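1. one predicted model, sequence on top.
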Amino acid sequence: QKEVEQNSGPLSVPEGAIASLNCTYSDRGSQSFFWYRQYSGKSPELIMFIYSNGDKEDGRFTAQLNKASQYVSLLIRDSQPSDSATYLCAAYTGRRALTFGSGTRLQVQP
Amino acid sequence: GAVVSQHPSRVICKSGTSVKIECRSLDFQATTMFWYRQFPKQSLMLMATSNEGSKATYEQGVEKDKFLINHASLTLSTLTVTSAHPEDSSFYICSGRGQGVDTEAFFGQGTRLTVV
């Protein structure tokens, strides 16, 4: 079992819709969770991090964490074509580097 | 956010030669530096973790004699790919983190290595 799992996609949504990206993790000791966006050929850029159960909002982005279910999600409201990228979920256990999921490719259709 | 500067962004080298990649943390002290490799359409795979002044810890399957990591200061870490082979062609990314349990990691711009 992979430590961090994501559906590879592609997830296709129309412009203006809500995109929902999901991630599960296997290590209950994971403390912090990060969402990165990666455009093709570029380095990942941090969107949000969350370490408390519940929701965390930042602009059009909302991260949700449910530690009991070992589930993290990222909602993107009012999706734009520029949001089209691969979204990486990562977990940090405190003992080692971030462990990344394989990423979900998001396509926002104009 | 904090900045990690990685150079070069692209490099092409001949088989058998060595290539050095540099990562500098410009506005924070990177007590820990991580080196990742990413093959096309795959996720980031951790190669090694280095703490300033200590030997790097390599992930299983990563040859420490082939991928030399130096983290001599809190602002500079280097990865040297020795005796490069075409199968080493990949996107190499460094990431620096300061102290603290929940401190986020900041990524360099990445280096596209092509070995011909």
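-> Happy to help now that I have it.

2. what residues does stretch B:39-53 touch?
-> Stretch B:39-53 is contacted from outside by A:44, A:88, A:96-97, A:99-103, B:30-38, B:56-59, B:62, B:64, B:67, B:69-74, B:77, B:79, B:90-91, B:93, using C-beta atoms under 8 Å, 6 or more residues apart in numbering or on different chains. From N, CA and C alone the C-beta is placed, and that goes for glycine too.

3. per-residue confidence averaged over it?
-> Stretch B:39-53 carries an average pLDDT of 86.

4. quick check: buried residues in it?
-> By neighbour count, with 16 or more other C-beta atoms under 10 Å in any protein chain shown as the criterion, the buried positions of stretch B:39-53 are B:43-50, B:52.

5. ok so, going back, filter the contacts of stretch B:39-53 to the buried ones?
-> Among the contacts of stretch B:39-53, those scoring as buried are A:44, A:88, A:97, A:99-103, B:30-38, B:56, B:58, B:62, B:67, B:69-71, B:74, B:77, B:79, B:90-91, B:93 (criterion: 16+ other C-beta under 10 Å).

6. before we move on, back to that, which one of the buried residues of stretch B:39-53 is nearest B:V19?
-> Of all the buried residues of stretch B:39-53, the one sitting nearest B:V19 is B:M47; the distance, using C-beta to C-beta, is 14.3 Å.
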